[in-house]
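1. Below are the sequence and a predicted model; questions follow.
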2 protein chains.
Amino acid sequence: MQRSIIFLLSLAVLVVSYGCQAQPAAAPMMVEKQSFSFENFTTVSGEVIPEVTVGWESYGELNAAKDNVILITHFFSGNSHAAGKYSPDDPLPGYWDSIIGPGKAIDTNKYFVISSDTLVNAFPNDPNVITTGPASINPETGKPYGLDFPVVTIRDFVEVQHELLTSLGIHKLHAVVGASMGSLQALEWSVAYPDMVERMISVIGAGAMDAWTIMALEHWARPIRHDPNWNNGDYYDAEPPLTGVTSTLAMITQQAMHPVIMNMRAPKPEVMSEQALASVTNSTPVLDYLFANSRVRAPLADGNHLLYLVRANQLFVAGHEGDLATGLAKVKAKTLFLPATNDLLLQPYLAKRAVAELEKQGKQPAYAEIEGIWGHLDGLFSIPSQADTIEDFLAH
Amino acid sequence: MQRSIIFLLSLAVLVVSYGCQAQPAAAPMMVEKQSFSFENFTTVSGEVIPEVTVGWESYGELNAAKDNVILITHFFSGNSHAAGKYSPDDPLPGYWDSIIGPGKAIDTNKYFVISSDTLVNAFPNDPNVITTGPASINPETGKPYGLDFPVVTIRDFVEVQHELLTSLGIHKLHAVVGASMGSLQALEWSVAYPDMVERMISVIGAGAMDAWTIMALEHWARPIRHDPNWNNGDYYDAEPPLTGVTSTLAMITQQAMHPVIMNMRAPKPEVMSEQALASVTNSTPVLDYLFANSRVRAPLADGNHLLYLVRANQLFVAGHEGDLATGLAKVKAKTLFLPATNDLLLQPYLAKRAVAELEKQGKQPAYAEIEGIWGHLDGLFSIPSQADTIEDFLAH
């Protein structure tokens, strides 16, 4: 478990260390993973999942009126661990600990901050993740669903979160905030439940997937589907498609990082490497650097879950009906869009399109760009640069 | 054969049509593919290839002094067909026909323009390509080399071209010009044969591969290596790894295009597609658009050749010794770098690094950026915007 946390967040070490030096040391916020289950969930596609279980965690206290709630929705390879530590010995806190906590931009002295693991989470074998997806046991057969699990959408992720909040008696969201795939959920929340969501912050996000990004996502699926161990999704009694999953995770890592930061961190390319010249299948220190991390994370991931996540993202358009304008017409929340200038994965034009459409509809979306050298990952690691913007947006 | 040309150049139709309208109609320049063979080629890695055969073609006339030669070096998925048509019925001419021909920027009334197919060309099954690589028959065994073919480098491509030029009595290059992988060869020429190369034009190019790009190239190799038909490179008596090759070609196509042009040309993403919701393995019109083209081209390609090309590009640093500075120190040619502003594959920072190093060495590299909406492919389709720059550079 420690090892998984180290590798999942290894990229953050430098930045987080810097952040810690810049602020007075404080005892880490302690959090506990909890579990929520409900029955007979009907998906957008019209299928019924007999039992859904997802993990969740929260920071801060729910007030008596239950109106101080901020929901955090997580990114593709993330989970509900947005802040704090499970144990004082954890090497790193949750991914947005720099902006979530007492006195921070998302102030847990004021707000009850809650986050849940999505359906079909990428890393169901991570002991800190609780999710329902193709790797889960189908109660009707007693075996893992595999590809019998229904295709799910970002809207389905939202509906599961709505069930969780309802079970806690929460009927109003002060804000919903998410990065990357989390931004899709955040926006979908404000379309699906316009009277419930007061504020929406989309970080490194989009209002709808475009053809280029749908294609880019498809490349993430291919190494898994080509791996013979994938066996059309039926591998739970055999060797899982770890080679394909490793290639997919490596692709995601490289594409989420800008060349500037990757070239700073990776080994210098070797000149006339004997090993690389001996065979096209030999690795090199640069490739070892990328793949070693992915190889360690691969057993915690699930090939089918990754395919389902790819599809959920490919299908996204806010509202899931008509077009982007139709969906955004329902939004009543105040909105803030924070793409990253150097993002090569979900480039700022995607956020700009949603902003332009909202403006066309007479709404007043706020917009700022996160500067940084991390590329897509600036949405995680350079978010402190927008802490004041977020704090102000939440206060008004 | 016609079909292959249509698909290889299908992306160019709009732009080339526009170019044709803008200029007075002229009879197409007719060209003929020729073949060059020589024996016992020693590669950079120290291996000997008993027989090398590559295709080549030329436009314009070699003068008596044999000093009016411009060498064109081709890109990753290209070949020596840089201009003209093989037959009046050809739907499209060679890829840089907009700048190579009588009265054009690279004026075949003045210059003898020559281009050759590289070793390990990506499309050895294209009837217009003549190359030597893993799919070629090893004369020592009478069977295809497979992975017994030695790893080759950009310098090896240059050495084969040098053999060809020497066989024609050519010992001076007025210029060497190449796009993308062709730019690596062009720069390598000016390092390897500094007294032979008078001018060098690098289009959408680099002086050395960086870690980020080496990783990006590795993703192109993975779908092929994961395809069970690849069989560790030994498939010439069986089914080739067409599924993997198709995925690789689709990835290259998508990454070589900027979102603006891709989104203009691809179908609009479907909302709540029943097919896409029915299974994560079902396709969608957007994915069909990308993969249909790659599926048709895949049988003309060779999986091993693609892996060898990936490796040749991964290993590139100008001069192949020490570092970029060591290599560039040997350059005596006048140089011109033309990256594309919106290139997401070989981004302008790569050309800028080479330019900065040359300047540091007291040289005077010229630099301009190609503007356009094609991304990496602006190096092919938006090159007419730099026609005057190229013509001037060649004239002085």
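-> Good, I have the coordinates. Because the structure is a prediction, the values reported are computed rather than measured.

2. Need the pLDDT of A:V271.
-> In this model, A:V271 is scored at 89, pLDDT.

3. again, but for the one 4 residues further on
-> You'll see A:Q275 listed with a pLDDT of 94.

4. near chain B at all, the host helix or strand of A:F38?
-> Take DSSP states H and E as the rule and A:F38 turns out to sit in strand A:34-42. No. Using C-beta under 8 Å from any C-beta of the partner chain, strand A:34-42 never reaches chain B; the gap is at least 13.2 Å. All C-beta atoms are positioned from the backbone trio N, CA, C, and that covers glycine.

5. Adjacent strands (with direction) for that strand?
-> strand A:48-59 (antiparallel) (DSSP bridges).

6. Report the buried residues of the partner strand.
-> For strand A:48-59, burial by neighbour count (16 or more other C-beta atoms under 10 Å in any protein chain shown) applies to A:49, A:52, A:54-59.

7. Closest one of those to B:V355?
-> Proximity of the buried residues of strand A:48-59 to B:V355 was ranked by C-beta to C-beta; the top entry is A:Y59 with 49.5 Å.

8. Could I get the buried residues of strand A:48-59 in a markdown table, plus columns for distance to A:K66 and pLDDT?
-> As requested, the buried residues of strand A:48-59 are arranged in a markdown table below (distance: C-beta to C-beta, whole Å; pLDDT from 0 to 100):
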| residue | distance to A:K66 | pLDDT |
| --- | --- | --- |
| A:I49 | 27 | 98 |
| A:V52 | 23 | 98 |
| A:V54 | 20 | 98 |
| A:G55 | 21 | 98 |
| A:W56 | 16 | 98 |
| A:E57 | 18 | 98 |
| A:S58 | 12 | 98 |
| A:Y59 | 16 | 97 |
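
9. and of those, the nearest to chain B?
-> A:I49 (14.3 Å; C-beta to the nearest C-beta).

10. ok, and for stretch A:58-74, which residues are buried?
-> A:58-60, A:62, A:68-74.

11. Please apply the same query to stretch A:260-276.
-> For stretch A:260-276, by 16+ other C-beta under 10 Å, it's A:260-263, A:266, A:269-271, A:273, A:276.

12. can you check stretch A:331-339 too?
-> Applying 16+ other C-beta under 10 Å to stretch A:331-339 flags A:331, A:333-339 as buried.

13. about what we covered before: contact partners of the strand holding A:F38?
-> With contacts defined as C-beta atoms under 8 Å, 6 or more residues apart in numbering or on different chains, strand A:34-42 is touched by A:48-58, A:116, A:130, A:156, A:159-160, A:163-164, A:167.

14. now with 6 Å?
-> A:48-49, A:51-56, A:130, A:163-164 (C-beta atoms under 6 Å, 6 or more residues apart in numbering or on different chains).

15. again with stretch A:267-275
-> Counting by C-beta under 6 Å, 6+ apart, A:282, A:284-286, A:289, B:211, B:214, B:317, B:320 sit against stretch A:267-275.

16. now, the most widely separated pair of the residues you listed?
-> In these, the most distant members under the criterion C-beta to C-beta are A:Y289 and B:H320, with 21.6 Å between them.

17. Neighbour count: the two, which is higher?
-> B:H320 (20 against 16; other C-beta atoms under 10 Å in any protein chain shown).

18. Quick check, pLDDT for the more buried one.
-> pLDDT at B:H320 comes out at 95.

19. and the gap between it and chain A?
-> Here the criterion is C-beta to the nearest C-beta, to the nearest Å. By it, B:H320 lies 6 Å from chain A.

20. Return the residues in contact with the residue in the stretch 51-200 of chain A that chain B sits nearest to.
-> Here the stretch 51-200 of chain A gets closest to chain B at one residue, A:V151, 5.0 Å apart by C-beta to the nearest C-beta. A:V151 is in contact with A:45, A:311, B:277, B:280, counting by C-beta under 6 Å, 6+ apart.

21. Look at it and give its secondary structure.
-> coil (DSSP: H, G, I helix; E, B strand; the rest coil).

22. That one: what's its closest spatial neighbour, skipping adjacent residues?
-> B:L277 (5.0 Å; C-beta to C-beta, 6 or more residues apart in numbering or on different chains).

23. in what helix or strand does A:R297 lie?
-> With DSSP H and E as criterion, A:R297 is part of helix A:285-297.

24. Mind listing residues that contact the next helix or strand after that helix?
-> The C-terminal neighbour of helix A:285-297 among helices and strands, as given by DSSP H and E, is helix A:303-314. Contact with helix A:303-314 is made by A:76, A:120, A:122, A:124, A:133-134, A:151-154, A:214, A:217, A:220-221, A:224, A:230, A:233, A:241, A:245, A:248, B:280, as judged by C-beta under 6 Å, 6+ apart.

25. Mind checking which of the residues you listed land in strands?
-> In strands, defined here by DSSP state E, there are no members of these.

26. give me the element the residue nearest to A:V151 is part of.
-> Counting by DSSP H and E, B:L277 is part of helix B:274-278.

27. again with A:F337
-> Going by DSSP H and E, A:F337 is in strand A:334-338.

28. who touches the helix or strand following that strand?
-> Once the chain leaves strand A:334-338, the next helix or strand it forms, by DSSP H and E, is helix A:348-360. Residues outside helix A:348-360 that contact it (C-beta under 6 Å, 6+ apart) are A:205-207, A:324-325, A:328, A:337, A:339, A:365, A:367.

29. average model confidence for helix A:348-360?
-> 98.

30. Quick check: buried residues in it?
-> A:348-352, A:354-355, A:357-358.

31. which one of these sits closest to B:F393?
-> Distances from B:F393 to the buried residues of helix A:348-360, taken by C-beta to C-beta, are shortest for A:Y349, at 33.5 Å.

32. rewinding a little: so what's the gap between the strand holding A:F38 and the chain middle?
-> Centre-to-centre, strand A:34-42 and its host chain are 20 Å apart (C-alpha atoms, centre = their mean, to the nearest Å).

33. With stretch A:197-217 instead?
-> So, by C-alpha atoms, centre = their mean, the centroid of stretch A:197-217 is 12 Å from its chain's centroid.

34. Over to stretch A:388-396?
-> 22 Å.

35. swap in stretch A:307-325?
-> Relative to its parent chain, stretch A:307-325 has a centroid offset of 15 Å by C-alpha atoms, centre = their mean.

36. CA atoms of that stretch as PDB?
-> Provided in PDB are the C-alpha atoms of stretch A:307-325 (Å, rounded to 0.1, in the frame of the first residue of the first chain):
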ATOM      1  CA  LEU A 307     -11.100   0.600 -21.200                       C
ATOM      2  CA  TYR A 308     -14.400   1.700 -19.500                       C
ATOM      3  CA  LEU A 309     -12.800   4.900 -18.300                       C
ATOM      4  CA  VAL A 310     -11.600   5.700 -21.900                       C
ATOM      5  CA  ARG A 311     -15.100   5.100 -23.200                       C
ATOM      6  CA  ALA A 312     -16.800   7.200 -20.400                       C
ATOM      7  CA  ASN A 313     -14.500  10.100 -21.400                       C
ATOM      8  CA  GLN A 314     -14.900   9.600 -25.100                       C
ATOM      9  CA  LEU A 315     -18.700   9.900 -24.700                       C
ATOM     10  CA  PHE A 316     -18.700  13.100 -22.800                       C
ATOM     11  CA  VAL A 317     -20.700  16.100 -23.800                       C
ATOM     12  CA  ALA A 318     -22.100  18.200 -20.900                       C
ATOM     13  CA  GLY A 319     -25.700  17.100 -20.500                       C
ATOM     14  CA  HIS A 320     -25.300  14.100 -22.700                       C
ATOM     15  CA  GLU A 321     -28.100  15.300 -25.100                       C
ATOM     16  CA  GLY A 322     -28.200  17.400 -28.200                       C
ATOM     17  CA  ASP A 323     -25.000  19.300 -28.100                       C
ATOM     18  CA  LEU A 324     -22.800  21.400 -25.800                       C
ATOM     19  CA  ALA A 325     -25.100  24.400 -26.000                       C
END
